[in-house]
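Engineer: Need a 3D model of the following:
(one chain, ligands or ions: 1)
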Amino acid sequence: MEEATFLTRFARSVTVVHRRSTLRASQAMQNRAFADDKIAFAFAFAFAFDSEIAEIAEIKEADGKLAGVVLREVFTGTTRDLDVTGLFIAIGHDPRTELFTGQLDLDEQGYLAVDAPSTRTNIPGVFAAGDAVDHTYRQAITAASGCQAALDAERHLAALGDEHDLAAVPA
Ligand SMILES: Cc1cc2nc3c(=O)[nH]c(=O)nc-3n(C[C@H](O)[C@H](O)[C@H](O)COP(=O)(O)OP(=O)(O)OC[C@H]3O[C@@H](n4cnc5c(N)ncnc54)[C@H](O)[C@@H]3O)c2cc1C
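Structural biologist: Residues are numbered from 1 along each chain as shown. I've put the predicted structure just below:
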């Protein structure tokens, strides 16, 4: 609902296609979307959404625009064309942290676990920041907490410097 509302700034109309029967957005976000004249919903039947994109019509080479999509009702399989010139997919977030599985602690949703408010992970000297940690905002400005990870790393190295030759620590 948040993404659909955002898109109304750039489009004459936005059609929401949702594969389940009910929405999971907060009631406030749903109300805002329902009240927005620019937002339409693809209903399968009796105001249940239950629709998905079955086909994406070929992009016309001449103008590079999307020609349209084919919608499919989830339970009946019935299809119909929908003329649209853009398609935006918003189906949730899946942090790309597979690389660290078995090495760094992840939380139950797969984000890297840090000792907040620091960027320390469970392995000394390894710090994490950005979208792989952030459940809530996932924005460039919050990802810039990478700077905090750099500060944490610098302090870590400084503390090590008392005991170790820093030149021996890999970059
Ligand atoms: C469509 C879109 C629009 C957005 N608009 C805005 C906006 O308007 N304003 C805003 O503030 N934020 C916006 N964001 C969010 C913003 O882009 C992110 O919050 C930010 O880029 C996160 O930075 P990051 O460094 O944590 O991760 P990323 O920028 O995703 O960097 C992660 C890097 O790790 C690399 N990587 C992944 N897996 C591996 C691997 N196995 N090995 C090696 N490298 C790997 C990736 O290739 C990537 O380069 C938008 C995001 C999207 C997708």
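Engineer: can I get the CA coordinates of the longest helix along the chain in PDB?
Structural biologist: Taking DSSP state H as the criterion, the chain has its longest helix at helix 146-161. This file holds the C-alpha atoms of helix 146-161, laid out as PDB (Å, rounded to 0.1, in the frame of the first residue of the first chain):
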ATOM      1  CA  GLY A 146      28.300   1.900   7.300                       C
ATOM      2  CA  CYS A 147      30.200   4.900   8.500                       C
ATOM      3  CA  GLN A 148      29.500   3.700  12.100                       C
ATOM      4  CA  ALA A 149      30.800   0.300  11.200                       C
ATOM      5  CA  ALA A 150      34.000   2.000   9.900                       C
ATOM      6  CA  LEU A 151      34.300   3.900  13.200                       C
ATOM      7  CA  ASP A 152      33.700   0.700  15.200                       C
ATOM      8  CA  ALA A 153      36.300  -1.100  13.000                       C
ATOM      9  CA  GLU A 154      38.800   1.800  13.500                       C
ATOM     10  CA  ARG A 155      38.300   1.600  17.300                       C
ATOM     11  CA  HIS A 156      38.700  -2.100  17.200                       C
ATOM     12  CA  LEU A 157      42.000  -1.800  15.300                       C
ATOM     13  CA  ALA A 158      43.200   0.900  17.600                       C
ATOM     14  CA  ALA A 159      42.600  -1.300  20.600                       C
ATOM     15  CA  LEU A 160      44.400  -4.100  18.800                       C
ATOM     16  CA  GLY A 161      47.200  -1.800  18.000                       C
END
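Engineer: ok, residues contacting it?
Structural biologist: Helix 146-161 is touched from outside by 118-120, 124-125, 127-130, 166, 169, with contacts defined as CB atoms under 8 Å, 6 or more residues apart in numbering. Where you see a C-beta, it was placed from the backbone N, CA and C, and this is true even at glycine.
Engineer: can you rerun that using 7 Å?
Structural biologist: The contact list for helix 146-161 (CB atoms under 7 Å, 6 or more residues apart in numbering) reads 118-120, 125, 127-130, 166, 169.
Engineer: Near the ligand, list only the ones from the residues you listed.
Structural biologist: Applying CB under 6 Å from any ligand atom, the subset of those adjacent to the ligand comprises residue 130.
Engineer: okay, now the residue of the chain found nearest the ligand: neighbour count?
Structural biologist: Closest residue of the chain to the ligand, CB to the nearest ligand atom: residue 130 (2.2 Å). Number of residues near residue 130 (other CB atoms under 10 Å) recorded here: 17.
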